[in-house]
Each structure stands twice: as C-alpha cells, then as structure tokens.
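S.K.: Test case, fold it:
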Amino acid sequence: MKRLLLVGAMLLLVCSICAQETPRFGLTGGLLNSNVDFDFTLGNISATNNTGFYIGGILDVPISEKLHFQPELTYGSAGDLGFIFLPAMLKFYAAESFHLQAGPQFSFSTTLNDIKNDVTGAVELIDDDFADTIESILRNFGVDIGFGAGYDINENFTIQARYSIELTNRYNGPGSGLLTLRAQQINVGVAYFFD
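M.R.: Coordinates of the predicted model:
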C-alpha cells in the first residue's frame, strides 16, 4: 500500500511540473467487471467473473492541447474481490471531445488477505507446513496495462470505458513458471470535474 501511495505522489508531482494549464480535480464512478484467470501450460480456468462498482477521485492535467495526463485513485468491488486502483492514463484527443487512453495501472487487492486466511484455514486441516507458505505465494500488489476511450459531454461531465489486463503474476508458489494468476477489469463510468 505504501508503494502505491508513493507512486501516486510521484506521478502527481511530475504532472504538476509538466502542466500547461491548471489541473482539474473530479470524482469518478461506474460499473466494474473483474475477471480472474488461472492459466496453466495446458489450459485456462476462469476462477471468477463478477460485476460491481468503482468510485474515487480523478485528475485531468493538460500537457498540450491534444495530450492530457489522467491519474485516478479509485476503490472497486466486484463480488468477493476488492481493489484499490491507481491508473495513470495518457489521454490523446483524436477529435474535439473524443479521446483515447492508454497507460499503466497499479492495483492493490483489499480482499486477498481474506482469501489467504480462508485458504490457510482449509489447508491447515490437511498440511500445516503448506498452510504456513500461503502468505508468501499470493501477491497483493499488481501492475496492469490499460486501454480505453472517453467522450467529454461538456466542460464538467465525461463518460469513459477502459479495459485493463494484469501484467503481474499474483501466484508465486510451487510451479509458478507453469501457473499464472491474473485479473482483467472493464470499467464503464462517468467523471465529473469541478470548475
């Protein structure tokens, strides 16, 4: 969590130095679909696919007329999964109100510890040694890449949609070269920027 906040603070500092105009702050929220996959060398298993919501703060930093930087800090919940997201999107205005987005997204699982505790409790009945290693085989922190688009309805309201796929393997246990645990998210929502 400390790494996530440090990265966010550094991004905001760089943005404020590069800004051509005054950054605008706002609120964002909408629909979140989260899918977690286990990938084996022989196949793929979709572990969860849940729909929920996301909500948080958003910043728009104009770098030039057509290029803006848009960091966000949001909380998302979908089924039993909860995440804190820090996307750092570059926005390119392809038309007057229409923009494309791309950039990294840092994510921190707020529910992975609950999952670890559930797994540990179940595994302790079978093997105490393996239960002790559960803490070290699942990672809370992940790095994603996101792509999306948006449309400015007016000066204050923007609608946007984004797809992100995790680059980090959240599984770090035995056979980690053969097994990966990654999430993908789809966000569809609205942002309101204050004047």
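
S.K.: only C-alpha atoms for contact and neighbour calcs from this point on.
M.R.: Noted.

S.K.: Low-confidence stretches in the protein?
M.R.: Of all residues in the chain, those with pLDDT under 70 make up the ranges 1-20, 38-47, 113-136, 173-179.

S.K.: Please enumerate the strands of it.
M.R.: 24-40, 43-62, 67-78, 81-93, 98-109, 141-152, 157-166, 179-193 (DSSP state E).

S.K.: Check which helices and strands the fifth one is in contact with.
M.R.: When you say that, I think you mean strand 98-109. Using 3 or more C-alpha pairs under 8 Å, 6 or more residues apart in numbering; DSSP states H and E, the elements in contact with strand 98-109 are helix 2-18, strand 81-93, strand 141-152.

S.K.: contacting residues for Ile145?
M.R.: 102-105, 164-167 (C-alpha atoms under 8 Å, 6 or more residues apart in numbering).

S.K.: And it, how far from Asn187?
M.R.: 13 Å (C-alpha to C-alpha, to the nearest Å).

S.K.: Kindly report the same for Val143.
M.R.: Taking C-alpha to C-alpha, one finds Val143 at 16 Å from Asn187.

S.K.: just Leu100 next, same as before
M.R.: From Leu100 to Asn187 the distance is 14 Å (C-alpha to C-alpha).

S.K.: Also Asn33?
M.R.: Distance from Asn33 to Asn187, by C-alpha to C-alpha: 7 Å.
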